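Engineer: predicted coordinates and the sequence they were generated for:
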Amino acid sequence: MRNVDEDTITQIVLARHAEAKKPRLKQIMTSVVQHLHAFARDVHLSEHEWFEGIQFLTEVGHITDDKRQEFILLSDTLGLSMLVTALNNHKPPGCTESTVLGPFFVEDAPQYANGDDLGNGAKGEACFVTGKVIGLDGEAVPNARIDVWQADSDGFYDVQYGERAETHGRGTLRSLSDGSFHFRSVTAESYPIPYDGPVGRMLTALGRHPWRPAHLHFMIDAPGYERLITHVFRSGDEYLDSDAVFGVRSSLIANWLRHESGTAPDGTVHDSPFSTLDFTFVLNRLEGTASRGR
């Protein structure tokens with residue numbers, strides 16, 4: 001086809017996909033082309049604006065490396081990450097809600113025993129976290145793998161500091177026979193997502209702030225249950241209603257109790273302030289998996 005114009009181009013492009021071997025790929029790319037073309041027509045996209053968009057995405061790619069995932073930040077700040085999470089995590093009432101993974105998860109984080117200090121030297125006030133992992137019927141879920149990661153009091157994750165011999169503010173542990181777990185870390189604080197790159201400039205141009213409310217990240221895996229990726233947010237945070245990545249859910253907001261001094265849950269005595277957090281995670285059973293009982 002040589003005589004392509006603004007009225008015929010979309011169907012001509014789609015016709016070229018007719019021989020796609022994977023039906024799902026064909027479905028996705030058909031929708032992508034239709035929506036991109038409709039977007040360009042809707043805003044009457046200029047050639048200059050199209051080129052600026054290409055430059056923006058090129059810059060997003062250039063700044064992305066193994067320490068910084070600017071594409072995830074872009075997806076997060078446009079609400080796409082949370083939309084995909086919501087579409088794929090319909091759960092029965094009572095289950096802990098899912099939210100975005102974020103760009104700072106690290107595979108194969110170090111393993112810790114219950115009671116250990118996952119902060120491992122991270123900056124911040126001490127925090128003692130206790131909780132349980134249970135199923136929807138209230139049954140304890142023992143030996144669940146619990147990944148935890150968080151920013152320090154300066155608002156940075158360990159991977160943002162560059163090369164380090166050890167990890168800080170992240171690790172994995174296992175739930176005990178009664179589904180409980182406990183560990184020490186640092187008190188979560190609100191922080192801005194990285195905004196010194198193209199995504200930050202986009203937010204500024206749109207009159208948006210880059211801040212996330214204080215939170216802990218959790219990923220919980222247990223045989224017979226759906227994987228849970230979620231956050232626990234700190235109540236009272238000023239950014240709960242304007243999270244830059246749209247990840248807050250009311251059911252995920254919990255109280256961090258502040259203690260001026262005294263005996264911590266692990267029995268240690270502290271002369272300086274510390275906080276405590278307790279949270280129960282309710283997992284959804286995989287389809288076809290029978291209840292394990294109470």
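Structural biologist: Thanks, I have the structure now.
Engineer: quick one: stretch 218-231 to chain centroid distance?
Structural biologist: The chain centroid and the centroid of stretch 218-231 are separated by 13 Å under CA atoms, centre = their mean, to the nearest Å.
Engineer: contacts for that stretch, please.
Structural biologist: Residues outside stretch 218-231 that contact it (CB atoms under 8 Å, 6 or more residues apart in numbering) are 85, 91, 96-101, 105, 133, 135, 141, 143-148, 175, 215-217, 232, 247, 252, 281, 283-286, 289, 292. The way it works is simple: take the backbone N, C-alpha and C, and place the C-beta from them, glycine included.
Engineer: pretty sure R145 sits against G171.
Structural biologist: No: between R145 and G171 there is no contact under CB atoms under 8 Å: 11.2 Å.
Engineer: more crowded one of those two?
Structural biologist: G171 (21 against 16; other CB atoms under 10 Å).
Engineer: helices or strands up against the strand or helix carrying the more buried one?
Structural biologist: Per DSSP states H and E: G171 is located in strand 170-174. Here strand 170-174 touches strand 145-149, strand 180-186, going by 3 or more CB pairs under 8 Å, 6 or more residues apart in numbering; DSSP states H and E.
Engineer: could I get these as a markdown table with distance to G119?
Structural biologist: Below are the helices and strands packed on strand 170-174 laid out as a markdown table (distance: least, CB to CB, whole Å):
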| stretch | distance to G119 |
| --- | --- |
| strand 145-149 | 10 |
| strand 180-186 | 4 |
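Engineer: make TSV from those and add mean pLDDT and distance to W211 to it.
Structural biologist: Below are the helices and strands packed on strand 170-174 laid out as TSV (pLDDT from 0 to 100; distance: least, CB to CB, whole Å):
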stretch	mean pLDDT	distance to W211
strand 145-149	98	19
strand 180-186	97	19
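Engineer: low-confidence ranges, the stretch 51-200 of the chain, go.
Structural biologist: Low-confidence segments of the stretch 51-200 of the chain (pLDDT under 70): 164-165.
Engineer: repeat that for 80
Structural biologist: Scanning the stretch 51-200 of the chain for pLDDT under 80 picks out 67, 162-165.
Engineer: sorry, back to before: what about burial for the contacts of stretch 218-231, which qualify?
Structural biologist: The neighbour-count criterion (16 or more other CB atoms under 10 Å) marks 85, 96-101, 105, 133, 135, 141, 144-148, 175, 215-217, 232, 247, 252, 281, 283-285 among the contacts of stretch 218-231 as buried.
Engineer: before we move on, the earlier item: go ahead and name everything in contact with the strand holding G171.
Structural biologist: For strand 170-174, contacts defined as CB under 8 Å, 6+ apart pick out 106, 109-114, 116, 118, 120, 143-150, 157-158, 181, 183.
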